[in-house]
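J.: Just the structure for this:
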Amino acid sequence: MKFISKRNEVHLQDGLVHKRVCSAQAAKQEATILKHLHSHHVPVPQVLNCRGNLLVLEHLPGEALPDLIERGDYEPEALAHALCAWLAAFYAAMPGLARGDVNGRNFLYDGKIIRSVDFEECPSGFPASDAGRLTAFIETYDTLNQEKQAILADIFAQEFCKRFGCSPEEIAAARELELAAMRKRRAAG
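T.: Below is the predicted model of the structure:
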């Protein structure tokens, strides 16, 4: 399996993830973030090696959220709870920082826990921005069961508000910003 984005090339080799990023500095930064999160028991891949612009990482179990949501193979309450639990562990380990890149492909779910990948950066920010952006992604996946998808987004936003003390309006504002950015990206593409 090989994946190439504008900035990275990722492939699975001998059961390990090999991620080539744009520079040695970017690889070192991601390795530092991952090692810190791993040391705080946040479910992320363990860094096995970092040489130049190449990271060798543990391969994590689970399925990317978009694939899972598109098939409808999940319980909304359990998945919403798992997402909030992962984010709570992340925020505890990285106070004052947001996850930032909350694209659903960066979250893997095995039916019990969420694990996350792709940590090129963790910007300063507010948890509500992560929740709003993630809600926008959840709502826009192309699924056969849009009602279940909407329930997941709603349960996630409600639990997030309770757990992190933000308002539904903060999440809704961040969601709208992400939806506008999505429309702009799709119009340009």
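J.: ok, and for the biggest helix by length in the chain, which residues are buried?
T.: Looking across the chain with DSSP state H, the single longest helix is helix 168-188. Neighbour counts over helix 168-188 (16 or more other Cβ atoms under 10 Å) mark 170, 171, 174, 175, 178, 179 as buried. In short, each C-beta sits where N, CA and C put it, glycine included.
J.: what pLDDT, on average, does stretch 94-101 get?
T.: Averaging pLDDT along stretch 94-101 gives 91.
J.: Quick one: the buried residues of helix 168-188 as CSV, columns for distance to residue 74 and pLDDT too.
T.: Output for those, formatted as CSV (distance: Cβ to Cβ, whole Å; pLDDT from 0 to 100):
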residue, distance to residue 74, pLDDT
170, 26, 96
171, 21, 96
174, 23, 95
175, 20, 95
178, 21, 93
179, 22, 94
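J.: on contacts alone, who are the packing partners of the longest helix of the chain?
T.: helix 127-140, helix 146-164 (3 or more Cβ pairs under 8 Å, 6 or more residues apart in numbering; DSSP states H and E).
J.: Test my guess that residue 91 contacts residue 127.
T.: Yes. In this structure, residue 91 is within contact of residue 127 by Cβ atoms under 8 Å, at 6.2 Å.
J.: Spit out the residues that contact those two alike.
T.: residue 164 (Cβ atoms under 8 Å, 6 or more residues apart in numbering).
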